[in-house]
Every structure is written in C-alpha cells, then in structure tokens.
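Q: what's the 3D shape of this:
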Amino acid sequence: MTVSFPLDGETLDELKLLCEEATTHDYRVYETAMGLPMASSFESKGFMVLAYEDDEDVLVGAASAIDLIGLHTYEWSLVVTPTYRQKGIGTALMDALQTGLEERGAEGQLAVVIDGSPFGHTFIEKKGFTYSFSEATLETRAESVELKNDIEIIPYTGEQAELIAIYSAAFGDLPEESEELITFNTSTNGRKLWVARKDGEIVGTVTTAQENEIQWVTALAVQPNREGQGIGTAMLSFSKDYASKIGAKFVMLDVEIDNKKALSVYEKAGFMKAQQIDYYVKQ
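A: Just a heads-up that it's a prediction; the model follows:
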C-alpha cells in the first residue's frame, strides 16, 4: 500500500520498529535514511510504500521517497526486515515506488544506500542505477561555546542578493535555485536561516534545522574572498551553542566525502563521521 505524508502515529510506530530491527541486525542506522523524522510533518512532501505480511499483518518492508526542497526531485530509500530479505519484497517495493514517482510528476530521483548495508549496493545496481556520489554524516555534541567577538551571526532579515552571491560561489547554484533555497529555509517549520557578518559585511550563511534531539546544520557557505578567516568555524561553533540553548543533544551535518577541505574544517570543529550514504542515479 502507498501512503502520503504526513503519516499517522500508528504507521510511524510500525516503521520505527522495522528500522530498529534492521539497525540491530546490520549495525546501520536506517531511520534517518528513510526520512522518518520528516514523515509525520504536514510540511514534508513525500510518500511511503508499505509491505505487510498477510497472515500476521506485520510490516516487513518499506520504501520512502521525499522531495526535500520542493523541486520535484525525490530522494528515496527502502528497507526490508532481515528475515524477509531476498524474497522479492525489495523489487515489489521499488516497482510501486517508481509508479508513485511517475504519478507525482517527479523530474528526478536519487536512490539512497547506506554504505555497508547488506545487499543494498548490489540490489540497486541490478535495477539499473549507477553510483553518483557519497556523503558522510558527521556529528558532535551540542554544547555551550564561547563565540568570537569579531564575527556576528544573526537571523536572516532579507539580505537576499548577498546570499545568492555566496550560494552561487559556494555551490554553483543558479539565482532562481538560490531564491528557492532561501524561501524553503525561511518558511519551513523548525528551520532557521542565519547570516555571518564581519566588518559590517555579510561573509557567510548557515541554516539550522531541528529534528527532535538533533539539530542539523545545512547550506553552510562562506564568501570566497573571506575563506581562511575562521568564519566557517565560527558558524559551526554558533550552531553547537545554539543547539544547546534549544535543548538539542547532538549537532549533525552531511558533507560530500570528496570535499576534503570541508571535511577538514568540520573535523577541526569536533565533528566525527557517524555514517556514509551513497547516492545512485537512474541510467
């Protein structure tokens, strides 16, 4: 069966049990890859395909597809309980998911596979997907931090032109893509867009997103001619300090594993690798 977000409490509890069982068996964390924290939100755009064992009415597999920023590009992943693997459930889930993507007018898709998960990479490659890139999830504890006096980090108040220039330089985004990102980060519940200011100039930006006891850090970027001045480190320190103030226990972020420069900055700020996600595109 296919259900759209937001999911009801009973279905969400079933999914959590499914992910916990797979996590215990595989030593891989499936709950985040499956997007469970977003699945109960009215602001999230996505759907789930659920597979039940008929006799006992137990959830034995699920596929999740999420349009993270509303651009009709879905990230999707699936998980099957260990005792029901290699019985065709994964294929059935994927077929139903592809139908759901077509019905919703998806313009693109990325398949998400947790590095080291049993059968995951082999399965997705047999289905005609090709490896694209990998992201590492890094984490650290939320804690009170003494912030630098020369770098002020404040909520975004409409400095759109400055942010578009920074996003363009850092991520290669087109102006309209940057505008959509700014709109998403300022209009989505739980997300806050911040700007870093030094010498009266906007020199960087970061977005924080609260997810239960975790605060995510995303879209961190520094003005190119200001790199090496401690601005990125200051925004990470601010994020840890802000997380502690709002009651979060951990701060997490995703970074492409090929981005050695960013990895070095995050590691120096106390972040450690928790998991790696591999992304595949359809051939």
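
Q: does the nearest residue to residue 142 once chain neighbours are set aside sit in a helix, a strand or a coil?
A: Using Cβ to Cβ, 6 or more residues apart in numbering and skipping the chain neighbours, the partner closest in space to residue 142 is residue 243 (3.6 Å). Every C-beta, even on glycine, is put in place using the N, C-alpha and C of the backbone. What DSSP: H, G, I helix; E, B strand; the rest coil gives for residue 243 is helix.

Q: pretty sure residue 243 contacts residue 215?
A: Yes - contact criterion Cβ atoms under 8 Å: residue 243 and residue 215 qualify, at 4.0 Å.

Q: next, residue 23: secondary structure please.
A: Criterion first, three-state DSSP; result for residue 23: helix.

Q: before we move on, the earlier item: what's the burial count for the residue nearest to residue 142?
A: Taking other Cβ atoms under 10 Å as the criterion, the count of residues near residue 243 is 27.

Q: check residue 58 too.
A: Residues near residue 58, counting by other Cβ under 10 Å: 14.

Q: from memory it sits against residue 21, does it?
A: No - using Cβ under 8 Å as the test, residue 58 is too far from residue 21 to be in contact (10.6 Å).

Q: contacting residues for the spatially most central residue of the chain?
A: Against the mean C-alpha coordinate of the chain, by Cα atoms, centre = their mean, the closest residue is residue 254 at 7.0 Å. When contacts are counted by Cβ atoms under 8 Å, 6 or more residues apart in numbering, residue 254 touches 135, 136, 137, 138, 218, 277.

Q: give me the buried subset of these.
A: 135, 136, 137, 138, 277 (16 or more other Cβ atoms under 10 Å).

Q: any chance of JSON lines for those residues, columns secondary structure and pLDDT?
A: What follows is the buried ones among the contacts of residue 254, written out as JSON lines (DSSP: H, G, I helix; E, B strand; the rest coil; pLDDT from 0 to 100):
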{"residue": "135", "secondary structure": "strand", "pLDDT": "94"}
{"residue": "136", "secondary structure": "strand", "pLDDT": "94"}
{"residue": "137", "secondary structure": "strand", "pLDDT": "93"}
{"residue": "138", "secondary structure": "strand", "pLDDT": "96"}
{"residue": "277", "secondary structure": "strand", "pLDDT": "94"}
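
Q: verify the stated contact: residue 80 with residue 90.
A: Yes - in this structure, residue 80 is within contact of residue 90 by Cβ under 8 Å, at 5.5 Å.

Q: now the strands: where do they sit in the protein?
A: 2-4, 45-53, 58-67, 73-80, 108-114, 129-141, 152-155, 191-198, 201-211, 214-222, 250-256, 272-282 (DSSP state E).

Q: so what does the helix or strand of the chain with the lowest mean pLDDT touch, helix or strand wise?
A: Least confident helix or strand, the chain: helix 36-39 with a mean of 88, by mean pLDDT, DSSP states H and E. Here helix 36-39 is seen to pack against helix 9-26, strand 45-53, strand 58-67 when contacts are counted using 3 or more Cβ pairs under 8 Å, 6 or more residues apart in numbering; DSSP states H and E.

Q: which residues sit against the second one?
A: Counting contacts by Cβ under 8 Å, 6+ apart, the residues outside strand 45-53 that touch it are 1-5, 7, 11, 14-15, 35, 38-39, 58-67, 70, 74, 78, 80, 84, 89, 92-93, 96-97, 100, 104.
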